[in-house]
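**Q** Sequence first, then the predicted structure, then my questions.
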Amino acid sequence: MSVSKRFTPKKVTIAFYITKEAALGAAKIDLLCEHNGWEPVAMKPQKNGTYRGSITIARGIQDKYQYRFKYTMPDGSVKFDNDWNAEEYCPNPFGGDNSVFTMFPKK
């Protein structure tokens, strides 16, 4: 899993990539993100077994957001998983951690 960011003066586009190995054969993967009230955003399966998705957020509203991935597995079960390469993690109210990305470019 990885996250990349593209900055413009007014917005940031965050791209999420999930490797074939991390997808664990999932038939569908949704991205859940704090910026939109944790509403699922469908990630697009690629021919090579990876998944890609992106979100765009206006700059200057909030400097940090949390995100977590929701995997819908082939057997219908749901699994939450963090990004293995997240910038940082922060505790969530369910006894686990959420992955965190920042809205600022790395210096």
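**A** Here it is on my side, so go on.

**Q** Just the CA coordinates for the helix or strand of the chain with the lowest mean pLDDT, please, in PDB.
**A** The weakest-scoring helix or strand in the chain, judged by mean pLDDT, DSSP states H and E, is strand 64-72 (a mean of 72). Only the C-alpha atoms of strand 64-72 are listed here, as PDB (Å, rounded to 0.1, in the frame of the first residue of the first chain):
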ATOM      1  CA  LYS A  64      -4.600  16.600   9.000                       C
ATOM      2  CA  TYR A  65      -7.000  13.800   8.100                       C
ATOM      3  CA  GLN A  66      -7.200  10.200   9.100                       C
ATOM      4  CA  TYR A  67      -8.000   7.400   6.800                       C
ATOM      5  CA  ARG A  68      -8.500   3.600   6.900                       C
ATOM      6  CA  PHE A  69      -9.200   1.000   4.300                       C
ATOM      7  CA  LYS A  70     -12.300  -1.200   4.300                       C
ATOM      8  CA  TYR A  71     -11.800  -4.500   2.500                       C
ATOM      9  CA  THR A  72     -14.900  -6.400   1.400                       C
END
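
**Q** Show me what that strand is packed against.
**A** With contacts taken as 3 or more CB pairs under 8 Å, 6 or more residues apart in numbering; DSSP states H and E, strand 64-72 sits against strand 11-18, strand 28-33, strand 78-81, strand 97-102. For every residue, glycine as well, the C-beta is placed using N, CA and C.

**Q** Pick the most buried one from those strands.
**A** strand 28-33 (a mean of 20; mean count of other CB atoms under 10 Å).

**Q** So which residues make contact with it?
**A** Contact with strand 28-33 is made by 16, 18, 23, 38-43, 45, 51, 53, 55, 65-72, 80, as judged by CB atoms under 8 Å, 6 or more residues apart in numbering.

**Q** cutoff 6 Å now
**A** With contact meaning CB atoms under 6 Å, 6 or more residues apart in numbering, strand 28-33 is reached by 16, 38, 40-43, 51, 53, 67-68, 70-72.

**Q** For those, which ChimeraX command selects only the ones that are buried?
**A** Entered in ChimeraX, the line below selects the buried ones among the contacts of strand 28-33, by 16 or more other CB atoms under 10 Å:
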select :16,41,43,51,53,67,68,70,71,72
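
**Q** Looking at the contacts of strand 28-33, which is nearest residue 85?
**A** residue 16 (10.6 Å; CB to CB).
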